[in-house]
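Enquirer: after the sequence you'll find the predicted model.
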Amino acid sequence: MKLNIKAFALTCGIIWGLGLFALTWWMIAFGGATGEKTIIGKFYIGYSISAAGSFIGLIWGFVDALIGGAIFAWLYNLIAAGESKA
């Protein structure tokens with residue numbers, strides 16, 4: 001089975017971006033917008049537990065997972081093609 005690299009990468013980007021966005025709003029709803037830096041904020045520049053931070057996290061998460069998903073699908077296809085020849 002071969003993965004469609006573009007579709008897989010886009011799916012990963014949407015899921016991770018929206019997941020981070022939803023998680024941020026979940027933390028705002030139950031803890032308040034603190035604006036403090038988190039571990040994720042050390043990797044995603046500008047991200048914090050705030051309304052603006054949720055949109056920054058959405059963009060960073062989308063781009064990060066888009067690239068990671070594309071690499072994963074490409075590598076999977078490469079390995080799967082090698083195994084089918086053996």
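Expert: That came through fine.

Enquirer: so where is this structure shaky, pLDDT-wise?
Expert: For the chain, applying pLDDT under 70 flags the ranges 35, 84, 86.

Enquirer: 90 instead, please
Expert: 1, 30-42, 48, 50, 81-86 (pLDDT under 90).

Enquirer: could you pick out the longest helix of it?
Expert: In the chain, assigned by DSSP state H, the helix with the most residues is helix 51-85.

Enquirer: tally of neighbours for A7?
Expert: If you count neighbours by other C-beta atoms under 10 Å, A7 ends up with 11. From N, CA and C alone the C-beta is placed, and that goes for glycine too.

Enquirer: so which strand or helix has it?
Expert: If you go by DSSP states H and E, A7 is part of helix 5-31.

Enquirer: circling back: flag every buried residue along the longest helix of the chain.
Expert: 53-54, 56-58, 60-62, 64-66, 69-70, 72-73, 77 (16 or more other C-beta atoms under 10 Å).

Enquirer: what's the angle from that helix to helix 5-31?
Expert: 150 degrees (axes from the mean of the first three to the mean of the last three C-alpha atoms, to 10 degrees).

Enquirer: which of the buried residues of helix 51-85 sits closest to T24?
Expert: Using C-beta to C-beta, S54 comes nearest to T24 of the buried residues of helix 51-85, at 3.9 Å.

Enquirer: which one among the buried residues of helix 51-85 gets closest to W26?
Expert: Among the buried residues of helix 51-85, and counting by C-beta to C-beta, the member closest to W26 is S54, at 10.0 Å.

Enquirer: doesn't G19 make contact with that closest one?
Expert: No: using C-beta atoms under 8 Å, S54 is not in contact with G19, being 11.4 Å away.

Enquirer: if you count contacts, what does the longest helix of the chain end up packed against?
Expert: helix 5-31 (3 or more C-beta pairs under 8 Å, 6 or more residues apart in numbering; DSSP states H and E).

Enquirer: what distance separates the helix or strand immediately after the helix it packs on in the chain from the centre of its chain?
Expert: For helix 5-31, the following helix or strand on the C-terminal side (DSSP H and E) is helix 39-43. Distance of helix 39-43 from the chain centroid (C-alpha atoms, centre = their mean, to the nearest Å) equals 13 Å.
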